[in-house]
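Engineer: Sharing a model prediction with you, sequence too.
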Amino acid sequence: MQINQFAKPLLLLVAVACIVMLGVGLYLQLVLEMLPCPLCILQRYAFAAVALLCLITCFLPVSMLRLGTALSALAAMTGAGIAIRHLWIKAHPTISCGIDPLETSLNKIFIARWLPSLFQADGLCTTEYDPILGLSIPQWALVWFVIFSIMLMLVAFRSKPAA
């Protein structure tokens with residue numbers, strides 16, 4: 001099945017959606033004062049990685065389409081794994097207590113110092129915020145990471161390289 005003609009627009013769509021997800025995260029943090037925990041920040045990194053990889057892949061030759069899209073899908077699956085871990089911790093609140101060593105490590109990364117509003121962890125993973133349309137924030141992240149993973153895997157493994 002040849003879907004190369006849809007691949008680059010789909011990559012752009014996924015990249016824009018990931019950037020929107022980062023914007024939603026900033027809105028929740030800065031306007032609604034929902035402090036991001038270390039796992040939220042890792043999910044932000046995953047959304048940023050998916051967006052960046054999709055954008056880079058759009059500018060690569062068609063022969064590199066599968067590789068770039070597969071790497072983007074891998075980043076989305078990593079984000080899904082982080083969201084699953086976050087949901088597991090929320091289901092087992094005794095696991096997280098006090099300041100997480102992951103928070104300290106994440107906040108020392110240069111990009112967290114460069115863009116603290118976007119990549120600095122200040123909250124606890126077990127903090128309960130009101131659901132948004134019935135789902136928690138990590139549940140929404142998981143939904144989007146799964147959608148992106150499926151879309152990207154379809155492009156990566158169904159498109160035929162140009163002859």
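Structural biologist: Looks like it came in fine.

Engineer: ok, the residue nearest the centre of the chain to residue 75 distance?
Structural biologist: The residue lying closest to the centre of the chain (Cα atoms, centre = their mean) is residue 47, at 2.6 Å. With the distance defined as Cβ to Cβ, to the nearest Å, residue 47 ends up 9 Å from residue 75. Glycine gets a C-beta too; all of them are placed from N, C-alpha and C.

Engineer: Apart from its chain neighbours, what residue comes closest to residue 45?
Structural biologist: Leaving out its chain neighbours, the residue that sits closest to residue 45 by Cβ to Cβ, 6 or more residues apart in numbering is residue 119, at 7.1 Å.

Engineer: cool, and residue 14?
Structural biologist: residue 54 (4.9 Å).

Engineer: Repeat that for residue 51.
Structural biologist: Nearest residue to residue 51, sequence neighbours excluded (Cβ to Cβ, 6+ apart): residue 18, at 3.7 Å.

Engineer: Flag every buried residue along stretch 28-42.
Structural biologist: Neighbour-count burial for stretch 28-42 flags 28, 29, 34, 36, 37, 38, 39, 40, 41, 42 (criterion: 16 or more other Cβ atoms under 10 Å).

Engineer: Would you confirm that the fifth one contacts residue 124?
Structural biologist: Spelled out, that is residue 37. Yes: look at residue 37 against residue 124 with Cβ atoms under 8 Å: they come within range, at 5.6 Å.

Engineer: Tell me, how many residues neighbour residue 118?
Structural biologist: Using other Cβ atoms under 10 Å, residue 118 is surrounded by 19 other residues.
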